[in-house]
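# Mind looking at a prediction? Sequence and model below.
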Amino acid sequence: MALKIENYAMIGDCKTAAMVGHNGSIDWLCLPRFDSAACFAALLGDAENGRWLIAPKDEPIETSRRYRAGTLVLETEFRTKGGTATLIDFMAPGNRAELVRILVGRQGRVEFHSEFVVRFDYGATVPWVNRLDDGSISAIAGPERLVLRTTAALHGEDLKTVGEPTVTAGQSIPFILSYGASFQDPPSAIDAFDALKRTEAFWRGWSDRCPEFGRWTEAVKRSLITLKALTYAPTGGIIAAPTTSLPELIGGIRNWDYRFCWLRDATFTLLALMHLGYYDEARAWRDWLLRTIAGSPEQVQIVYGVGGERWLPELTIPWLGGYERSSPVRIGNAAYQQLQLDVLGEVADAMFHAGKGGIGLTDRGRALQPIMLKYLASAWREPDQGIWEVRGERQHFVHSKVMAWVAFDRAASEFATRGSIEASRHWRAVADEIHADVCDRGFDRDLESFVQAYGSKRLDAGLLLMPLVGFLPATDPRVRNTVQAIEKRLLVQDEFVLRYERANPGDGLPPGEGAFLACSFWLADNYILQGRYLKARKLFDRLLSRCNDVGLFAEEYDPFAGRMLGNFPQAYSHVGLICCALNLTRGTCPAKERAEPQRPAMRPIPQAATEPD
């Protein structure tokens, strides 16, 4: 059985990523891209579906792990009766795909067990394994090849490659796994220790630019590194998570493939990168966005592949039993076919703030803008599947209407700045019409709160975004009442915010899921905009205490079982953390930037977090 989700850590090379358990087992790896078929899939099945274990033969007395400061180089230390040893894991950034593991003896003598089980095609295909002339081990199936090089003695046994390496104090044993095409020469050998130096230099050179945030600095930097690791470097696209089908409820069917790029994350991701000074990454994300949505606005999707691929058919893998028997296991995501009107508002907002931040629109972006607005001017009246991608009937979701308002609000501001007064007045009139419609039909006077959809009595955490995007001030009585209603009906243990009410969710799926961590950060952001800094800081600190031992968050958290749920690590959770930390500085910050878009652009100069009033 796979470990708890929080017991994994991620290593990656900005093209793909591996899940490394605290027991020394790599249980998930897709090569050469995030969305490629997995060659280690034990995370969603068992050891026979592929894994790479390097662990002490005897049960460790103590196991601890950490990332080397400012890097994605993972160190797991095992203390046994015989001594202490460290397992160093990383993936080397560059044009090739290589995973390196180094066993280092620290004290005494430690015997390990190594088990290398390759199963291509998501755990289905047993490869042909043989030794090459240089003694390396080659595993081939179809077009793919993995080559393992090590000084340790390994041998074949029951369709596995096993060994019992031993390290003493001062001794190191490298293991290097390289990926290549089976119809080409094997990838050439590299030096593991040189690769380690290069990888550390890459990550530290990048992360050292992160500004200080007082005692939150390490949490922000770790989230920023995680976001960078979820970036597909060749295109600039940022995936939601490097895993698929980690369940939102143990034993349930809410198991989705998140190895793709969602437009919904665009604005907050862009603002987080710009405010932290990472303009190259922000520009690459913007460029990916514009290339990807090029074409007819009616065909803009909410999710795309890392290269901008549009066709993401959703399939199930019957031979994998699922994480803790949570099936089905899915690859692809049928949400790419859904109508979710809010993403057009996200795109418009992202482009608006990119321009304010000095990353102006390209000619293609300027040409796309009026076409997209013309389409949305009629489409906003239609029901859709909303921010939570419901698989039931389309509804008139309030959040979708609000984000349509955002598109026209930003357009009106932008055209006014350009001096196009007539165009500005036209789009402002559309924005005002949507605003009035939402305030009339999306506000329930009995509940004294905005609701999930027109005619509904349900609440929705997406309503917390209304003041964050500037639809209404956070101090507006209707917003305050909505926040209070969410606290009453969606807040668990004064910390965890559910996406919507669990009973009869009306989303076309059986009820049951954890709390969506990004929503809890949105609640803290609302407190900040309301001037309730003590409450915001208390909630923020509690949320930080829920990350795992190496600073990573999944998509959701089960407050009753006290464990993480959903795909891991989740970009949206870490973007929420970064933005909330920025907001707590009470300087130039994402929430205020979005809530007051008419303000002049300010270069990001984050200061150390101050004590709240």
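Right, received. Where do you want to start?

# Centroid-wise, who is the farthest residue in the protein?
Asp133 (41.6 Å; C-alpha atoms, centre = their mean).

# From Gly180, how far off is that residue?
Asp133 is 16 Å from Gly180, where distance means C-beta to C-beta, to the nearest Å. Yep, even glycine has a C-beta here, placed from its N, CA and C like the rest.

# residue ranges for the helices of the stretch 251-400 of the chain, please.
Taking DSSP state H, counting those that start in this stretch, the helices of the stretch 251-400 of the chain run over residues 266-275, 279-293, 342-356, 363-379, 398-418.

# Buried residues, the third one. List them.
It refers to helix 342-356. 342-356 (16 or more other C-beta atoms under 10 Å).

# helices or strands up against that helix?
Applying 3 or more C-beta pairs under 8 Å, 6 or more residues apart in numbering; DSSP states H and E, one finds that helix 342-356 contacts helix 266-275, helix 279-293, helix 363-379, helix 398-418, helix 590-595.

# Do you know the pLDDT at the residue lying closest to Tyr500 once chain neighbours are set aside?
Closest residue in space to Tyr500, ignoring its immediate chain neighbours: Asp460 at 4.8 Å, by C-beta to C-beta, 6 or more residues apart in numbering. Confidence at Asp460, expressed as pLDDT, is 94.

# give the contact list for Asp460.
Contacts for Asp460 (C-beta atoms under 8 Å, 6 or more residues apart in numbering) come out as Trp388, Phe397, Val398, His399, Val451, Gln452, Ala453, Arg499, Tyr500.

# Out of those residues, who's the most crowded?
His399 (29 neighbours; other C-beta atoms under 10 Å).

# so how far is Gly305 from it?
25 Å.

# Kindly report the same for Trp285.
Trp285 is 15 Å from Gly305, by C-beta to C-beta.

# neighbour-wise, which of these two wins?
Between Trp285 and Gly305, Trp285 has the larger neighbour count (other C-beta under 10 Å), namely 26 against 23.

# Find the nearest non-adjacent residue to that one, please.
Gly236 (5.4 Å).

# Test for you: state the pLDDT assigned to the one you found.
In this model, Gly236 carries a pLDDT of 91.

# ok, now Asn504?
66.

# quick one, what contacts Leu132?
Ser138, Val147, Pro186.

# Mind checking which of those are buried?
Ser138, Val147, Pro186.

# Return the member of those residues nearest to Pro473.
Val147 (59.7 Å; C-beta to C-beta).

# Show me what whatever helix or strand that closest one lives in is packed against.
Assigning secondary structure by DSSP states H and E places Val147 in strand 144-150. Identification of packing neighbours for strand 144-150 by 3+ C-beta pairs under 8 Å, 6+ apart yields strand 137-141, strand 172-181.

# strand partners of the first one, parallel vs antiparallel please.
If I follow you right, that is strand 137-141. strand 128-131 (antiparallel), strand 144-150 (antiparallel) (DSSP bridges).

# quick check: mean pLDDT across the longest strand along the chain?
Taking DSSP state E as the criterion, the chain has its longest strand at strand 98-117. Average pLDDT, strand 98-117: 98.

# let's number from 55 now, not from 1
Happy to do that; since the first residue is 55 now, the last one works out to strand 152-171.

# Which of the residues in that strand are classified as buried?
Residues 152-160, 164, 166, 168-171 are the ones in strand 152-171 that count as buried (16+ other C-beta under 10 Å).

# Extract the CA atoms of it and return them as CSV.
Extracted C-alpha coordinates of strand 152-171, given in CSV (Å, rounded to 0.1, in the frame of the first residue of the first chain):
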residue,chain,number,x,y,z
GLU,A,152,17.8,12.0,-15.4
LEU,A,153,17.0,11.0,-11.8
VAL,A,154,20.0,10.7,-9.4
ARG,A,155,20.1,8.9,-6.0
ILE,A,156,23.2,9.0,-3.9
LEU,A,157,23.6,6.8,-0.7
VAL,A,158,26.0,8.5,1.7
GLY,A,159,27.3,6.9,4.9
ARG,A,160,27.4,9.2,7.9
GLN,A,161,28.2,7.0,10.9
GLY,A,162,28.8,3.3,11.4
ARG,A,163,27.6,0.8,8.9
VAL,A,164,24.2,0.6,7.3
GLU,A,165,22.9,-2.2,5.1
PHE,A,166,20.3,-1.3,2.5
HIS,A,167,17.9,-3.2,0.3
SER,A,168,17.4,-1.9,-3.3
GLU,A,169,14.5,-2.9,-5.5
PHE,A,170,14.2,-1.5,-9.0
VAL,A,171,10.9,-2.3,-10.6
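
# Just the buried positions in stretch 230-244, please.
Ile230, Leu231, Ser232, Tyr233, Gly234, Ser236, Pro240, Pro241, Ile244.

# Now do the contacts for the fifth one.
The neighbours of Gly234, taking C-beta under 8 Å, 6+ apart as the test, are Arg199, Val201, Pro240, Pro241.

# Repeat that for the fourth one.
Applying C-beta under 8 Å, 6+ apart, one finds that Tyr233 lies in contact with Leu85, Pro86, Arg150, Ala151, Glu152, Glu198, Arg199, Leu200, Pro241.

# same deal with the third one?
Counting by C-beta under 8 Å, 6+ apart, Ser232 makes contact with Arg150, Ala151, Glu152, Leu200, Val201, Arg203, Pro240, Pro241, Ile244.

# picking that back up, mind checking which of the strands paired with strand 191-195 is nearest Ile347?
When the strands paired with strand 191-195 are compared by C-beta to C-beta, strand 198-204 sits nearest Ile347, at 31.9 Å.

# and the angle from the closest one to strand 226-235?
160 degrees (axes from the mean of the first three to the mean of the last three C-alpha atoms, to 10 degrees).

# going on from strand 198-204, what's the next piece of helix or strand?
strand 208-211.

# In terms of secondary structure, what does that next one contact?
Using 3+ C-beta pairs under 8 Å, 6+ apart: strand 208-211 touches strand 214-217.

# Mind listing what's buried along the strand it packs on?
Lys214, Thr215, Gly217.

# And for stretch 586-595?
Arg586, Tyr587, Lys589, Ala590, Arg591, Lys592, Leu593, Phe594.

# what does stretch 543-559 give?
Quick answer for stretch 543-559 (16+ other C-beta under 10 Å): Leu544, Leu545, Val546, Glu549, Phe550, Val551, Leu552, Arg553, Tyr554, Glu555, Pro559.

# Take the helices and strands packed on strand 198-204 and write them to a markdown table, including mean pLDDT.
Formatted as a markdown table, the helices and strands packed on strand 198-204 follow (pLDDT from 0 to 100):
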| stretch | mean pLDDT |
| --- | --- |
| strand 191-195 | 97 |
| strand 226-235 | 98 |
